[in-house]
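S.K.: Okay, sequence plus prediction incoming.
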Amino acid sequence: MLVRKFQKGLVFFLNNDKPSPFLAAIAAGLYPILFYYSKNFSLVNSWGHLFYFIAYFIVLPLLTFVISDRLFKLTALQKWHKYVIPFLNVFTFLFLVMLCLYAGINKKIGLVIIVMAALFAYFLYKHLKKVIILELLLAVIALFSLVPVVVKDLTISEVWMQQPDAIAEVIFKRKPNVYMIQPDGFIGFSELRKGNYQYDNYDFENLLKGEEFTLYPNFRSNYATTLSSNSSAFMMKHHYYGKGVSLSEGFNARKVIISKNTVLDVFKRNGYKTHFITEKPYILINKPKIGYDVCNFRNEDISFLGTGLNTKKDVKVSLKQYLVEDIDSNNFFFIEFFNPGHIANIKLNSEGKEKEREKWLESLKVAHQNLADLIAIIKEKDPEGLIIIMADHGGFVGMDYTRETYNKTQDRSSIYSVFSSQLSIHWPNNQPPLFDKELKSSVNVFRIIFSYLSQDESYLLNLQENASFVVIRDGAPTGIYKYIDEEGNVVFEKVE
């Protein structure tokens, strides 16, 4: 019965003289919205984004189509009237798809779209209804892809965030300013000298030692991406990627990092003013509620469409400003910049493993300079500050592109290229605690720091496993696997 009704409706629509400009406008904008949401839900899961997409992908085309239809029907342009809606439909559809794919306007592709829309309107305008049906079918397919993504997002368990003890109520007996500096993709010193990197980093290591930093050369991250690593570190718990199949964002990671987490709560409870200073608003792109007292990016600085990697601010300028403004308070700073970063994400953008290695090493020099400058700025104002340099993960050097991480391997150099990461700490008075030997992976760093600040070693009884985990999609059944165990051995154990 439903099939027959659909068939009759389809025949009636195809036999109707002319499709409504309302339907043509909605069809042109609906698929791009649903497509972008299904592929990038974690970037756009806010009411502000929803209103933005409805306004620019539906309402604006509706107004444009209706006004243009009336204008060409009632003026001297009437002879072109039959072409206007076909042109607008094809142009709008392709233009919005381009925006979704490139997070902006590509001029060459934009020109091609204009030509294609004009040719369709002039030669094939009678077939507009078939194009509209195709656009609506694509929207239905995209909707089926989006629904499970939304359901998964709404049903994410937060059980993993629960602490096994009372560390959320920890009281500090020491209250130095705490600076966590995160250079993206900075592999640990132990791996930088061997494996896929083969780089002599002694000059920078000696600089850190001269500044009274303690180096932790065998340190590593527990997860493979910025969001997965930081969300675990700031909650001081393992999340196992939400036990889903998303490499980074299957568990509201941006909200965990920026809006509310145990580390942020502990600093606030102990009277600290909290600052988030970032070079690029990558973590802020979905406009989460900012739980930090101070942030160097405002909501209006951040585009609704994109990855947050094209806008840039100098973290050194922001740090200098806040050090002057907040000189009388106890402060926690999370400072993030994006060097050395990692190799190309996808095969299409890769120049091959050797060239990617060269580019990474050039970016490493920028990271060295940034770190040297930040250390100098901090120590000039606050020589006894607690400074933590902790990378989010490694640089993936030795692979052609980062998404090869999805493929099963047991090659130690490749695995450690992903997970080995930089940790160096400037302890006040150059006196690290005796238990700093427990600093092995990022999930436990703040629990150990809080044990030091509270002078209470009982919190060390609940350290998380110093294991590293990966999402595998090729070479083994899809799932989450332990890649490195507590002792640093390469393993392959499925997380159930």
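M.R.: Thanks, I have the structure now. All figures in this text were calculated on a predicted structure; none of them were measured in a lab. Numbers count the residues shown, from 1 in each chain.
S.K.: Contact partners for residue 428?
M.R.: Applying CB atoms under 8 Å, 6 or more residues apart in numbering, we find residue 428 in contact with 174, 176, 384, 385, 386. Bear in mind the C-beta positions are built from the backbone N, C-alpha and C, glycine included.
S.K.: just residue 391 next, same as before
M.R.: Residue 391 sits next to 182, 183, 184, 185, 186, 187, 188, 221, 421, 422, 423 when contact means CB under 8 Å, 6+ apart.
S.K.: secondary structure element for the first one?
M.R.: What it means is residue 182. Per DSSP states H and E, residue 182 falls inside strand 178-183.
S.K.: after that strand, next one along is what?
M.R.: helix 189-192.
S.K.: so what secondary structure elements neighbour the helix or strand that that next one is followed by?
M.R.: Following helix 189-192 in sequence order, the next helix or strand is helix 202-210 (DSSP H and E). For helix 202-210, the contact count by 3 or more CB pairs under 8 Å, 6 or more residues apart in numbering; DSSP states H and E identifies strand 214-215, helix 353-381 as packing neighbours.
S.K.: Just list the residues touching the closest residue to residue 442 other than its chain neighbours, thanks.
M.R.: Take residue 442 and drop its neighbours on the chain: the residue closest to it by CB to CB, 6 or more residues apart in numbering is residue 233, 4.5 Å away. Applying CB under 8 Å, 6+ apart, we find residue 233 in contact with 263, 390, 442, 443, 445, 446.
S.K.: mind listing which of the residues you listed are in helices?
M.R.: 263, 445, 446 (DSSP state H).
S.K.: what's the neighbour count on the last one?
M.R.: Using other CB atoms under 10 Å, residue 446 is surrounded by 24 other residues.
S.K.: And the strands in the stretch 301-450 of the chain, which stretches?
M.R.: Applying DSSP state E, counting those that start in this stretch to the stretch 301-450 of the chain gives strands spanning 330-337, 386-390, 423-426.
S.K.: Could you export the ones you listed as TSV, including distance to residue 120 and mean pLDDT?
M.R.: Listed next are the strands of the stretch 301-450 of the chain as TSV, based on distance: least, CB to CB, whole Å; pLDDT from 0 to 100:
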stretch	distance to residue 120	mean pLDDT
strand 330-337	46	96
strand 386-390	54	97
strand 423-426	58	97
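S.K.: can you put the ones you listed in TSV and add distance to residue 213 and mean neighbour count?
M.R.: Formatted as TSV, these follow (distance: least, CB to CB, whole Å; neighbours: other CB atoms under 10 Å):
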stretch	distance to residue 213	mean neighbour count
strand 330-337	16	23
strand 386-390	7	24
strand 423-426	4	24
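S.K.: can you list those strands in TSV and add distance to residue 492?
M.R.: Listed next are the strands of the stretch 301-450 of the chain as TSV, based on distance: least, CB to CB, whole Å:
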stretch	distance to residue 492
strand 330-337	32
strand 386-390	27
strand 423-426	25
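S.K.: Residue 197 is nearest to which of these?
M.R.: Closest to residue 197 of these, according to CB to CB: strand 423-426, at 16.7 Å.
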